[in-house]
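Chemist: Just need the structure, nothing else, for what follows:
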Amino acid sequence: MDDPRIVNLSELPWVPWTYGRGVAVELRDPARRLGSSRSGLRLYRLHPGTQATRMHRHLHQEEMFLILKGSGTLRHGERQVPVREGDFILYPAGDPAAHTFINSGSEPMEYLATGNRVDYEVCEYPEEGTVYVEVLNKTLKAEEVPGTREEREQWYKAGH
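Modeler: Numbering: from 1, shown residues only. Below you'll find the model as predicted:
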């Protein structure tokens, strides 16, 4: 029998990741370390005054977050929603609200992020007017994607 795949978080280094101005986070990725290809699980550490990611929304991937330490702000579309230790946040695939976290507190904020992975993901970045298409491994400007956002949302809602 093969040994189980196990890694202790304390054995994983905090890896810094930045993107542009203000987006800066440290992460540990045990799922990728062990070879997961269909599910993701990352531990994020966000320092005061920084944003975790660009504002984004996934069309095919579901995301779930659990705040483990600290507090901050969930940017949910145009809203600013306070979050704190113990809060669990769900973004189903196709949720229309773009989102990210900002550490608006005075201490580091740590949270788990988990969800499914799909090869055909489409991720929109509304503040930049771009869309990342996983199967193409390419980021496109919104106007390069056929159809309108309203058409895509109607298609998604028709399934409910």
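Chemist: I figured residue 129 hits residue 54, correct?
Modeler: No: in this structure residue 129 lies outside contact range of residue 54 using Cβ atoms under 8 Å: 11.6 Å. C-beta: built from backbone N, CA, C; applies to glycine.
Chemist: ok, those two, which is more surrounded?
Modeler: Neighbour tally, residue 129 and residue 54, criterion other Cβ atoms under 10 Å: the higher count belongs to residue 54, 17 against 11.
Chemist: Would you map the helices across the chain?
Modeler: 30-33, 149-158 (DSSP state H).
Chemist: and the first one, which residues are buried?
Modeler: Read it as helix 30-33. 30, 31 (16 or more other Cβ atoms under 10 Å).
Chemist: Return the list of helices and strands in contact with that helix.
Modeler: In terms of contacts (3 or more Cβ pairs under 8 Å, 6 or more residues apart in numbering; DSSP states H and E), helix 30-33 is packed against strand 39-46.
Chemist: quick one: contacts of the strand it packs on?
Modeler: 9, 14, 25-32, 52, 68, 70, 72, 101-103, 108-117 (Cβ atoms under 8 Å, 6 or more residues apart in numbering).
Chemist: Could you tell me which of those are located in strands?
Modeler: Among the contacts of strand 39-46, DSSP state E puts 25-28, 68, 72, 101-102, 109-116 in strands.
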